[in-house]
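Enquirer: just the structure for this:
(chains A and B)
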Amino acid sequence: MSSSKKEFISEAEELLGEAERYLIELQEASGAEVDPDTVNALFRSIHTLKGISGLFGLEGLKDLSHALEEILDSLRLGEMEITDETLGFLLKNIDILKGLLKEADEGKSSDVSAYLEDIKEFRKGTAGRGGDKQLGDLIDEAILGVLSSYEEQRLKANLRRNRGIFTVSAVFSLEDFDKKLSALTEKIKREGELISTLPTSEDVPQDSIGFKILFASDKDADALKADLGMNTVRLAGKETGRRDSQAAAPSLKSISTTVRVDIEKLDRILNTIGDIALTKGALKRIEQELAETYGHSDLVFDIHRATQSLEKRLLELQQQVLEVRMVPIGQIFSRLAQIVRRYSREIGKPVELKVFGEETELDKFIAEEIVDPLMHIVRNAIDHGIESPEERKAEGKPEKGTVTVRAFQRGNSVVVEIEDDGRGVDTEKIKRKAVEKGMISEGTDLDDTELIGLIFRAGFSTKEKVTEVSGRGVGMDVVKERISSIGGYVDVKTERGAYTRFSLTIPITLAVIKSLLVKVGAHTYAMPLSSIVETLAVDGDALQSIEGKSVYNLRGELLPVMPVADFFEAGSDGGVEGGYIVVSGYGERRVGLVVDELIGGQEIVVKSLGAYFDGLKGFAGVAEIGRHNVILVIDVEGLTDEILLRHKGLLHV
Amino acid sequence: MKNILVVEDSESTRSMMKAVIEDLGEDYLVFEAGTGFEALKLLPAEAFSLIITDINMPDINGIELISFVKSTPQYRGIPVIIVSTEGSEEDRRRGLALGAEAYITKPFKPEDLQEKIRVVLSP
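Expert: Below you'll find the predicted structure:
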């Protein structure tokens, strides 16, 4: 059987199960007021069943569900009364439909004309009502025009029962409107019957969506306002109590204080701030020279106070601009749902995406930068992490895999975790592959963490066959590079047969980072101060060479060192002649990077290298120093990894 | 590349429609929404060339979605095809009155849908 037919059978089964539950619900509620939502949902199940049966060419199922749909339509429109007899008749027919579905599954089909006759008989004697008031006189045509015929019928039914018809308007952010709107509609349903939810973009800011909700209630506008905490507008129907003069002003005003700004304009402001910071630097130098020439006079002290104040205000300004650039991470999560649905179907693994922490905020630029890495990790999880449904079943796991994406703030960072409940990472397999590829030698002793770290190295892929899904020319090495280019890092935790969790720790804002400017050969580079522990002038006596690798005796401990030039220049021998050592990392990850010259501290805003330099290793990004001077920022974390690997006797760069 | 948004709550119908549309060629990319809400979320995220929507759906229905699309300046230009069923002629009429470009009635043959899409997307 084709997989789409299988899909049809299971969906049809679900629909029939649903319909049965609704019917039983209605039977149990017998005597009490019928919930129109239940009747409508019942109608929709059979309506959908009719639709899909037709698509799959199952005429019998289609005809019978069509006949039942007509009865249900009359019920929901209030043209026919809901009695125990009707419900019993419908339940009997659900059983017949189930039988037909079973036959369809087995490839058989039988004649349904007898059943159709029964339904016809049953319908005899039930007549539709008529003679409704002219709705156009009561309700604005503009609203009537956007109601479906069912909604219009409900409107009439409520008017017949002398209920008032109201609208309430609300504006929500696009990120979470579904949750907020559901909360509101739940509240409204307690006041009466919800008739229609009309989305609108009128007078609504760009990242938001407005809704006009039409509902019927026995209460008056005052009581509704008290219950809902919102103003309602009466459109028609019964008037009890006094008229609410405030009612006609839905609160759209508060949101119109928001403006939308192109991110480029904010970038320009940041650049200008950078220029002012340079001027401030010049002022500080002048102040120092004045102090040296004229001593600490009152005037020098005044200049000192003025530059201090300038420095403080400048930092505040920078901070405020960065805050303006913050957006909720949910903006990018909504794209993930699409990817998951698409890829899980493409490769035939049912996968559910769970998302938490959509409201977590981070810089717009950073949010955009992590989209691709995030997509890649999610695809990777579906492709490599989650097992096939058969494998999962065999291991006692639910057939449907789960990918959980969670975002939360931790200090100055946002952590985004992507976890799958799949097979975990096979470190043995990684090791075999790395040896095969000549990345490590057979005997290299690496623990699990180090082995997992190998997947982030260029040219590594454990999957023999490059699949449609995650084999798109980007590997985990690119993910790591992109994340470190915005000052973040990637962490992996895994348990065989249980889960794999990637944690991206990324800065909340394009922080202005403090950096150390260094010179290597003719070039100036920046190194983030946060990854630097100390700097030392190279002391020739403390330098040793062991098996061609340089180590430095740092207060009795051997520190692996390597000239920065070695990473960027071919043919360098790894020897250290002089200059300065920049010490980075802690504990076992402590290493020394040798540079020619230390220039001094500088605040920089790190930007991504961009697509042109995607292949460029060893750099975390670029920074603008002043208006036209762009320098490269060294990826200290990456170089540290390299030094550690090379000193461990690994073969290949 | 033509991004097509298919709004349909029945999963099997949706995947069938997706397959039919993707049969048209490689530059047709189908985005699926199982509810009107999902469609509202996807609209600002992607640039769509066409929306194909069912009428009867949970949360907001097709009529409400069409009214939203056709009253929002940045989406107004996206053509809409209504997928209606026997018995929902009245709603189909309303959808067309709100500005939907075309409709197709379920059950339809794959070629019918493809033809509709070609016609609607032809310049």
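Enquirer: from here on, contacts and neighbour counts on C-alpha atoms
Expert: Fine.
Enquirer: residues contacting the residue in chain B that chain A sits nearest to?
Expert: As assessed by Cα to the nearest Cα, chain A sits closest to residue B:107 within chain B, at 4.8 Å. Contacts for residue B:107 (Cα atoms under 8 Å, 6 or more residues apart in numbering or on different chains) come out as A:51-52, A:54-55, B:85.
Enquirer: again, 7 Å this time
Expert: Residue B:107 is in contact with A:51, A:54-55, counting by Cα atoms under 7 Å, 6 or more residues apart in numbering or on different chains.
Enquirer: how many residues are close by residue A:320?
Expert: Residue crowding around residue A:320 was assessed by other Cα atoms under 10 Å in any protein chain shown; the count is 11.
Enquirer: just the strands in chain B please.
Expert: B:2-7, B:28-33, B:50-54, B:80-85, B:102-106 (DSSP state E).
Enquirer: ditto for the stretch 551-653 of chain A
Expert: Listed in chain order, the strands of the stretch 551-653 of chain A (DSSP state E, counting those that start in this stretch) span residues A:557-563, A:580-584, A:591-595, A:597-607, A:619-625, A:629-634.
Enquirer: packing partners of the fifth one?
Expert: In terms of contact count using 3 or more Cα pairs under 7 Å, 6 or more residues apart in numbering or on different chains; DSSP states H and E, strand A:619-625 is assigned the packing partners helix A:476-485, strand A:597-607, strand A:629-634.
Enquirer: do you know how far residue A:6 is from residue A:107?
Expert: Taking Cα to Cα, to the nearest Å as the criterion, residue A:6 is separated from residue A:107 by 12 Å.
Enquirer: more neighbours: which of those two?
Expert: A direct count of neighbours by other Cα under 10 Å for residue A:6 and residue A:107 places residue A:6 higher, at 13 against 9.
Enquirer: check contacts around the most centrally placed residue in chain B.
Expert: With distances taken as Cα atoms, centre = their mean, residue B:52 lies nearest the centre of chain B, 0.8 Å away. Listed by Cα under 7 Å, 6+ apart, the contact partners of residue B:52 are B:5-7, B:80-83.
Enquirer: what's the answer for residue A:431, then?
Expert: Residue A:431 is in contact with residue A:451, counting by Cα under 7 Å, 6+ apart.
Enquirer: can you tell me the element it falls in?
Expert: In this structure, residue A:431 sits in helix A:427-436 according to DSSP states H and E.
Enquirer: residues of that helix that come out buried?
Expert: Along helix A:427-436, the positions that meet the burial threshold by neighbour count (16 or more other Cα atoms under 10 Å in any protein chain shown) are A:427, A:430-431, A:433-435.
Enquirer: and residue B:113, how far from residue A:50?
Expert: Computed as Cα to Cα, the residue B:113 to residue A:50 distance reads 18 Å.
Enquirer: and for residue A:455?
Expert: 50 Å.
Enquirer: domains in chain A, as residue ranges please.
Expert: With automatic domain parsing serving as the domain definition, the record reports that chain A contains domains spanning A:3-123, A:139-251, A:265-324, A:327-507, A:512-647.
Enquirer: would TSV of those domains with mean pLDDT be doable?
Expert: Output for those, formatted as TSV (pLDDT from 0 to 100):
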stretch	mean pLDDT
domain A:3-123	85
domain A:139-251	78
domain A:265-324	82
domain A:327-507	82
domain A:512-647	78
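Enquirer: how about the strands of the stretch 551-653 of chain A in TSV, adding mean neighbour count?
Expert: Converted to TSV, the strands of the stretch 551-653 of chain A look like this (neighbours: other Cα atoms under 10 Å in any protein chain shown):
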stretch	mean neighbour count
strand A:557-563	22
strand A:580-584	24
strand A:591-595	25
strand A:597-607	18
strand A:619-625	22
strand A:629-634	18
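Enquirer: make JSON lines out of those strands and add distance to residue A:221.
Expert: Shown next, in JSON lines, are the strands of the stretch 551-653 of chain A (distance: least, Cα to Cα, whole Å):
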{"stretch": "strand A:557-563", "distance to residue A:221": "76"}
{"stretch": "strand A:580-584", "distance to residue A:221": "67"}
{"stretch": "strand A:591-595", "distance to residue A:221": "72"}
{"stretch": "strand A:597-607", "distance to residue A:221": "54"}
{"stretch": "strand A:619-625", "distance to residue A:221": "59"}
{"stretch": "strand A:629-634", "distance to residue A:221": "62"}
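Enquirer: now the helix holding residue A:431 - C-alpha only, PDB.
Expert: The C-alpha trace of helix A:427-436 is given here as PDB (Å, rounded to 0.1, in the frame of the first residue of the first chain):
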ATOM      1  CA  THR A 427      32.500   8.000  19.800                       C
ATOM      2  CA  GLU A 428      34.100   4.800  18.600                       C
ATOM      3  CA  LYS A 429      32.800   5.500  15.100                       C
ATOM      4  CA  ILE A 430      34.200   9.100  15.300                       C
ATOM      5  CA  LYS A 431      37.500   7.700  16.300                       C
ATOM      6  CA  ARG A 432      37.600   5.200  13.400                       C
ATOM      7  CA  LYS A 433      36.600   7.900  11.000                       C
ATOM      8  CA  ALA A 434      39.200  10.400  12.300                       C
ATOM      9  CA  VAL A 435      41.900   7.800  11.900                       C
ATOM     10  CA  GLU A 436      40.700   7.000   8.400                       C
END
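Enquirer: and the next helix or strand past that helix?
Expert: Proceeding C-terminally, helix A:427-436 gives way to helix A:448-453 as the next helix or strand, assigned by DSSP H and E.
Enquirer: elements contacting the strand or helix carrying residue A:292?
Expert: In this structure, residue A:292 sits in helix A:263-294 according to DSSP H and E. Judged by 3+ Cα pairs under 7 Å, 6+ apart, helix A:263-294 is in contact with helix A:298-324.
Enquirer: give me the buried positions along the helix it packs on.
Expert: Of the residues in helix A:298-324, those with enough neighbours to count as buried (16+ other Cα under 10 Å) are A:300, A:303-304, A:307, A:311, A:314, A:318-319, A:321-323.
Enquirer: for stretch A:190-210, same thing?
Expert: Within stretch A:190-210, the residues that count as buried by 16+ other Cα under 10 Å are A:191-201, A:204-205, A:208-210.
Enquirer: that stretch and chain B, any residue contact?
Expert: Yes - shown here: stretch A:190-210 in contact with chain B (Cα under 7 Å from any Cα of the partner chain) through A:197-201.
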